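Q: got a predicted structure plus its sequence, pasted below:
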Amino acid sequence: MNKLLKNHDFSQKDKKFCVTLSDHKNIKIMKTLLTELSNNCNHCKEPVSGNYCSNCGQPTKLKRIDGRYIVHEIGDFFLANRGFLYTIKRMFINPGESVRLFITEDRYRFIKPVSFVIITSLLYTLICQFFHIGAQDFQFQQHEVELPTVNLLINWMTDYQGYTSIITGFFIAFWVKLFFRKSDYNIFEIFILFCFLSGVASLYSSIVIIIQGYTHLKLLHISILPIMIYYAWATAQFFDKKKATNYIKAFLSYIFGYLAFGILVAFIAVFIDLIIK
């Protein structure tokens, strides 16, 4: 018993408690207690008693990664994104009302908005790669511009639509907030609205690309207008679908948002190219 006490760095209070137990001649309990008192959590370094740390919740021992672990991880991914199909359905039927419901009442059945943008943008990127769709297919470049940074940014925005949508979302949210400044929604809640709408736009563009890929019809250059109309309809529905002026304000806010983003990107790119030259 004394050897066990000497091998552990305990306070005098802990040692007295251990000696009290030894007086009752319960050696098994004493050894168990010493083992538990000597265990610390690898994450927060707090004393651990049992299979999990009572302070941070981390398990005392990590299970080895095997096939069951991989299956569990895949299941967790689909569980975390269980609202993907439900969100798509709602965003096609009642987009504005659905986002308002997400913000004010129900966030359980919907997928998280940023995750929605990332997943749909990834799907869009894969489809673009499969059908060899690039910036030239969107008629962004009528000829090779002798400004390498401009070309680089255009190609980057085309290849990484998810990031572009998130960045553009703040510009559009600013203009929407400006046009609907009397509403109680802040700019971050409006940004959430755009995330959902942008995800639907990526799905719509993916369908257009698939149709164009198999029919060889030039559809991409005329697919922007339906997206803008959808944005205006959903945004007006989000605030108040009964007011006709809301549709006009929503449409203008998205146009100004995209213009502001495009002008800023073009200015930065041209400025960099001029400095390089």
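A: Nice, thanks for sending it over. Numbering: from 1, shown residues only.

Q: residue ranges in the stretch 101-250 of the chain under the pLDDT threshold?
A: Using pLDDT under 70 as the threshold, the predicted model of the stretch 101-250 of the chain has low-confidence ranges 134-147, 162.

Q: can you do 50?
A: For the stretch 101-250 of the chain, applying pLDDT under 50 flags the ranges 140-143.

Q: burial check on the nearest residue to Ser198 once chain neighbours are set aside, number of neighbours?
A: Setting aside the residues directly before and after it, Ser198 is nearest to Ser165 in space (CB to CB, 6 or more residues apart in numbering), at 4.2 Å. C-beta here means a position set from N, CA and C on the backbone, and glycine is covered the same way. Ser165 has 23 neighbours, counted by other CB atoms under 10 Å.

Q: hang on, Ser165 in a helix?
A: Yes - the assignment for Ser165 (DSSP: H, G, I helix; E, B strand; the rest coil) places it in a helix.

Q: just checking, it touches Leu197?
A: No - applying CB atoms under 8 Å as the test, Ser165 and Leu197 come out as separate, 9.4 Å apart.

Q: any residues in contact with both of the two?
A: Taking CB atoms under 8 Å, 6 or more residues apart in numbering as the contact rule, Ser165 and Leu197 have no neighbour in common.

Q: check contacts around the residue nearest to Ser198.
A: 117, 121, 194-195, 198, 201-202.

Q: what's the spacing between it and Tyr124?
A: In this view, Ser165 and Tyr124 are 10 Å apart by CB to CB, to the nearest Å.

Q: tell me, what's touching the two both at once?
A: Common neighbours of Ser165 and Tyr124 (CB under 8 Å, 6+ apart) are Ser202.
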